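Q: quick one, fold the following:
(2 chains)
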Amino acid sequence: MMMKRYLVFGIIIQFILFIISCKSDINVIYESGGKPVVYCLLNPKDSIQYLRVSRSFIIRGNPEGQVISPDSLILDGDFYAYLESENPDGNREIHYFEKTEINQRDSGLFPQDGLVVFQTNCPVQGGKEYGLYVNFPQKPRLVAGSVTVVNPVEILDPNPLPGREVTFLEDQGYLVRWTKSIKFAVYQSVIRFIFLEGDKNFQIRREVGIPQPLVYSDNENAILTSFLNGAGFIDDLVTNLSPPDSGLRRKIIGFDLLLTTGGPELAVFTRSGQNAVASFTGLDEYSNIDGAVGIYSSVTLTGTYNNRFSDLTINYLADSEKTRHLGFLRFNEDFQP
Amino acid sequence: MKLYRIIGILVLAFLAACDPDGDILGSDEVIIPADQGTLEFRFILPEYDIPKDKIHRISLSFAFSVDSLYRGQFFRKVNVSDFQEVYTQYFPGDEYYYDAVITCSCAGDTCLNGNFPGGRFGMKHAFNKFNIENQKSTVIETHFQ
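A: Numbering: from 1, shown residues only, chains lettered A, B, ... in the order given. Okay, the predicted model is just below:
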């Protein structure tokens, strides 16, 4: 009987202690400080390399309806970053990044001030490996990545020799050719269509960029190709160019072809994004950097300039029903008063 | 027992129907429209005492008449390349003229010594008449002097 009372008494005491222990609230949502987000694309054709360091943050609910703190992207704490490469003699060369003043990204969701962008004067060479390090002295954290820089490519076609012209028609396209950079890479060409706009007294030079689809290479061919569809080019021109103001005409000068090459890391990154949900909250998390989210790769830009269209293309753009409203002059026409 | 014989005969008939040597890739035959013929233009660069990569194809154009050819009024211009030698075109059966042009990009007087008129970026034309017959293929090779 006595034992039973002790047992009941003990259970009551334990229950009271349990209730007391639950008095303090438990925060079921862990507010972390965010992960570092690092973007760095080395360019062998530029002596200045850029690095963007920010941090991840969580938006609960609909991001459109929330006021995002301007410092949401700012990584807390001090850190320094540098590029490291190894010379042929075995010595290591280090280039520290410094804060830079460049145009901030202008977007409704991102703060326009305070994005931390760095730069360093470090000419990089194609085919050479470079390490990237972001060190946080006050924290047990080191962000590190390594990349082999892509070799600049050479555009073989179009090649603007005197007398050589390019014909784009609804049923005639153009095969762009270039030398391969590395086995696996991503390429994107942009046609920069250039023309004069105005009247007999005054003309201004204008241009419109027509980006082409990404091209992925994964073969041993020394020369890579991408076919520019003629009908697609004309449709893109109509989409990207509005008719001139009343009284103005346009005289076609030619086009530049700009080819951007991205390293294998960027190729995988862009491919991973092709199947992602196009929403701010549906971003894929992809990283080739230890201790951070982001991308560390290399890009290089090559161009071929002052390419001429044939008279057949110019007359087609001037006369065809699809492009007549764009106000292009025929091949042998000039601005009239 | 009769059923096994029937099944055996069917299996043999099935295996006999398989032709492991058959062409599973299909034919490479190109279907030419009934009212057109094919021109296979072999734009062969000449061999001069000039580095081969300094001789370039500039244009390959087609005209309806020799007068149009002279005036430079072409109805079709092919996008030529230094990395492509053969160009295939389709025409309705008729008589046409072609104009193939090359140039030289060597520095100094190398192009002049290579018989390019005016030296660097001087142009050489090879032109001629050709006939296209519907449903038939015509082959032309360039001959630059």
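Q: A:Leu15 in helix, strand or coil?
A: Wrong residue type there; residue A:15 is Phe, not Leu. helix (DSSP: H, G, I helix; E, B strand; the rest coil).
Q: low-confidence ranges in the chain?
A: All of this refers to chain A. The model of chain A has pLDDT under 70 over residues A:1-2, A:20-33, A:58-61, A:63-77, A:101-115, A:273-285.
Q: wait, chain B
A: Short version for chain B, where the test is pLDDT under 70: B:1-3, B:8, B:10-30.
Q: the host helix or strand of A:Thr260 - contacts with which helices or strands?
A: According to DSSP states H and E, A:Thr260 maps onto strand A:249-262. In terms of contacts (3 or more CB pairs under 8 Å, 6 or more residues apart in numbering or on different chains; DSSP states H and E), strand A:249-262 is packed against strand A:174-179, strand A:184-198, strand A:203-211, strand A:293-309. Quick note: C-beta positions are derived from backbone N, CA and C, even for glycine.
Q: can you tell which of the ones you listed is closest to A:Lys45?
A: Set against A:Lys45 and scored by CB to CB, those come closest in strand A:293-309, at 5.4 Å.
Q: what residues of stretch B:74-85 count as buried?
A: Neighbour-count burial for stretch B:74-85 flags B:Phe74, B:Arg76, B:Lys77, B:Val78, B:Asn79, B:Val80, B:Ser81, B:Asp82 (criterion: 16 or more other CB atoms under 10 Å in any protein chain shown).
Q: now the helix or strand just after the strand holding A:Thr260: how far from the chain's centre is it?
A: Note on strand A:249-262: by DSSP H and E, the next helix or strand toward the C-terminus is helix A:264-274. Put simply, helix A:264-274 sits 11 Å off its chain's centre (CA atoms, centre = their mean, to the nearest Å).
Q: got the buried residues for helix A:264-274?
A: Buried residues in helix A:264-274 (16+ other CB under 10 Å): A:Pro264, A:Glu265, A:Leu266, A:Ala267, A:Val268, A:Phe269, A:Thr270.
Q: right, so of the helices and strands packed on strand A:249-262, which gets closest to chain B?
A: In terms of CB to the nearest CB, the element of the helices and strands packed on strand A:249-262 nearest to chain B is strand A:174-179, at 5.2 Å.
Q: relative to strand A:184-198, how tilted is that closest one?
A: With axes from the mean of the first three to the mean of the last three CA atoms, to 10 degrees defining the directions, strand A:174-179 sits at 130 degrees from strand A:184-198.
Q: chain B contacts on the stretch 101-250 of chain A?
A: Counting by CB under 8 Å from any CB of the partner chain, the stretch 101-250 of chain A comes close to chain B at A:156-157, A:159, A:161-167, A:172, A:174-175, A:177, A:223.
Q: are any of these buried, and if so which?
A: Buried, going by 16+ other CB under 10 Å: A:Leu156, A:Asp157, A:Asn159, A:Leu161, A:Arg164, A:Glu165, A:Val166, A:Thr167, A:Gln172, A:Tyr174, A:Arg177, out of these.
Q: quickly find the element holding the residue at minimal distance from the centre of chain B.
A: Among the residues of chain B, the one closest to the centroid is B:Tyr87, at 2.8 Å (CA atoms, centre = their mean). Following DSSP H and E, the helix or strand that holds B:Tyr87 is strand B:86-92.
Q: having no further points to raise, I will conclude here.
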